[in-house]
Structures are given as C-alpha cells and as structure tokens.
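*Asks:* from the sequence below, what's the structure:
(one chain, ligands or ions: 1)
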Amino acid sequence: KDYIAEAEAFSTQNKEELEAFRIKFLGKKGILNDFFAEFKNVPNEQKKEFGQVINALKKAAEGKVAELQESFESREEAKGIYGDLTRPGEPFQVGSRHPISIVKNQIIDIFSTIGFNVSDGPEIEDDWHNFTALNLPEYHPARDMQDTFFIQTNPDILLRTHTSSVQVRYMEENKPPIRTISPGRVYRNEAVSSRSLCTFHQIEGLYIDKDVSFADLKQTLQYFTKEMFGKSRIRLRPSYFPFTEPSAEVDVYWGLKTEVDYRITKGTGWLEIMGCGMIDPNVLKNCNIDPAKYNGFAFGMGIERIALLMYQISDIRMLYENDVRFLEQFKSSI
Ligand code: PHE
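*Replies:* Numbers count the residues shown, from 1 in each chain. Alright, predicted model coming up:
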C-alpha cells in the first residue's frame, strides 16, 4: 500500500527519472513482478486482498507512466511548433485550372451577365433527347452528321453527340421564358488527329420567349464575340441543322498572325465558332412548349477550338494528355 502511495505521488520533469520509475515498478525485476511471484506463497484466505492490492499498484504505476509520457510528448510537440518562429513554411503545390475550364468559365461569365443560367444533363443519353426530340427521327440522314457511339447493342442508349440534348431536358422541365447555357462533354466517333478528338466540350445556348427574332440572336452573338475575343466582326453563313430553321454557321474574324491562326482558320482568318438558328417549331412541340405562343433561338459552340486559338496551342491532343509541363503554363490564368 505504501508503494501505491509512492507511485501516485511520483512526479518528474525528467525522462531518465521516469524510465527509472518504470523499471522500479514495472520492469522485469520490478516490484510488481516480485509481488506476482510472491502471490503463490500467500495463504489462500489472504489471496483476494493481496491480488486487489497488487492490481491497484499496477494500475497506479502504469497510469503514472502514461500520464508523464504524454505530458513530455505534448511539451515536445509544442516546442516543435512554436520553437522556431523564423523557420520557413512548408512549400505546397498550387494547381492550375485546365485551359478548357478557363475558357468555359469565361463563356459562362459572359452569358450570366445577360441573364443566362447554367444547366446540365447526362453524358449517357437516350435517343429521344439526343436525336428524336430535336427533329432527327430514326433514319433521318442528318444523323450521319454526328457519328455516334452507342452503348453496347442497345441503339436507344448512346453517348451524347452534342449538348443540344440538355436543351430538350431543360425545355421539358421549365416553362418559358428560358435563358440557359449548357456546357458539357460530348462524344463523336471520329478519327483522332491534331484537330479533332472523339470527345470534346460544347456550350449550348437556349433562349425562348415571346416574339424572339433573328436580330436578337445576332445581337447576342455579337455581344458574345466582343466580350470573348474583343472582336465584333462576325459573319453568318446559311447552314442546316434539323432542330433550327433558319440555321447559320457563325464565323468571327480572328486574323492571321501566327501559324496556329493559319491552321485553325484554314488560312482564311475567319474562325468558325458555332452553329445557331431559330428553334424549329417541331422541337418546341416535342418539348411541350406551344410554338404559337413562344419561339426562340439556340446556338452551340466547341470549347476546345476556342482554347487552341486563345492560347495558341498547336495540337488539340495536348489538352487531354495532362502533361504537367503543359498545364503549369496556365497558373497565372483565372
Ligand atoms: N448541336 C449542334 C452541333 O453539335 C450545334 C448547334 C446548336 C447548332 C444549337 C444550332 C443550334 O453541331
């Protein structure tokens, strides 16, 4: 019992003293082991009490060792943290945004300013949202414009070929007026080269209200190219999309200063940035919007091509290799 009192009263600031204490009580030849060895010689009627006392002693000694050890450790830790205030901080790596994200965010910012929200949809789509609702019924020859990856053998499930599928979903779920842009990844079964990949990103825009005119579309595009590229010289060429009528292809005059400009504009200086048009009434009908009351426009553009020109990247594949030496160059960008 005296030993218990001794163990409980013990205190030290010193590691060696603690170790000596540990050996004295808990070591191989320590007091406790002596008592345990003694146990078998204790008369039976005293065994119970004797057992309780040595267990209490064991607890007291172990508890003291653990308590003192912990206080040493926390003192050392504190020294480590606060000890040398002139010690330089740990360096840590700052990542950079991917150029596709940079361009995408810029486009989103520009359209948010004029009231467009951002909408999203699945990359694995069904035939209805990717084609049929967009006025592209089965066997429509325009389906060939977009070589499609089908999921397994079910022709109803595919990887979306354009973000126009999000338009359909948005119209099904929202009532006009609608102002939304849908950025996202799309897939087409195309040969990989320095100019094209079988996956890329688009941003689709959708505007539906009463009495929307082609002039509204043109003005919106002009605002966009001015904000995005600082250039408002655009031209619209008549084109065809099954989901818009009339349809147009939009070019912005970029110029021909570098080899990349030359390659991407195919030597013309005009950058083809998007397809657009007034939404076909059939599409509105398919999405439960009354074409007698509402009309609107849509446009869709590829993000990669814009990124290539903005950052003068000569091969589109660089955007997907994730070589750190390439990505690091975008550190200073937003
Ligand atoms: N979805 C078309 C494409 O991928 C682009 C587009 C969108 C054209 C909206 C017109 C209107 O080529």
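
*Asks:* residues from the chain in reach of the ligand?
*Replies:* Contact residues (C-beta under 6 Å from any ligand atom) of the chain with the ligand: His162, Ser164, Glu204, Phe241, Thr244, Gly275, Cys276, Gly277, Ala298, Phe299, Gly300. Quick note: C-beta positions are derived from backbone N, CA and C, even for glycine.

*Asks:* swap in 8 Å and give it another go.
*Replies:* Applying C-beta under 8 Å from any ligand atom, we find that the chain lies next to the ligand at 145-146, 161-164, 167, 186, 202, 204-205, 241, 243-244, 247, 274-277, 279, 297-302.

*Asks:* from those residues, which would you call buried?
*Replies:* 146, 161-164, 167, 186, 202, 204-205, 241, 243-244, 247, 274-277, 279, 297-302 (16 or more other C-beta atoms under 10 Å).

*Asks:* so which of these are in strands?
*Replies:* Counting by DSSP state E, these place 186, 202, 204-205, 241, 244, 247, 274-277, 279, 297-302 in strands.

*Asks:* residue ranges with poor pLDDT in the stretch 201-334 of the chain?
*Replies:* Applying pLDDT under 70 to the stretch 201-334 of the chain flags residues 333-334.

*Asks:* can you do 80?
*Replies:* 231-232, 264, 332-334 (pLDDT under 80).

*Asks:* which residues of it fall in strands?
*Replies:* 234-241, 244-253, 270-279, 295-302 (DSSP state E, counting those that start in this stretch).

*Asks:* ok, Cys198 touching Arg188?
*Replies:* Yes - using C-beta atoms under 8 Å, Cys198 is in contact with Arg188, at 6.0 Å.

*Asks:* list residues touching both of the two?
*Replies:* Both Cys198 and Arg188 are in contact with Phe149, where contact means C-beta atoms under 8 Å, 6 or more residues apart in numbering.

*Asks:* between the two, which is the more surrounded one?
*Replies:* Taking neighbours as other C-beta atoms under 10 Å, Cys198 and Arg188 compare with Arg188 leading, 18 against 14.

*Asks:* downstream of the helix or strand harbouring Phe72, the next helix or strand is which one?
*Replies:* Phe72 belongs to helix 44-82 when assigned by DSSP states H and E. Scanning forward in sequence from helix 44-82 by DSSP H and E, the next helix or strand is helix 99-113.

*Asks:* so how far is the ligand from Arg75?
*Replies:* For Arg75, the distance to the ligand equals 66 Å [C-beta to the nearest ligand atom, to the nearest Å].

*Asks:* from what I see, Gly300 and Glu204 are in contact.
*Replies:* Yes - assessed by C-beta under 8 Å, Gly300 is found in contact with Glu204 at 4.4 Å.
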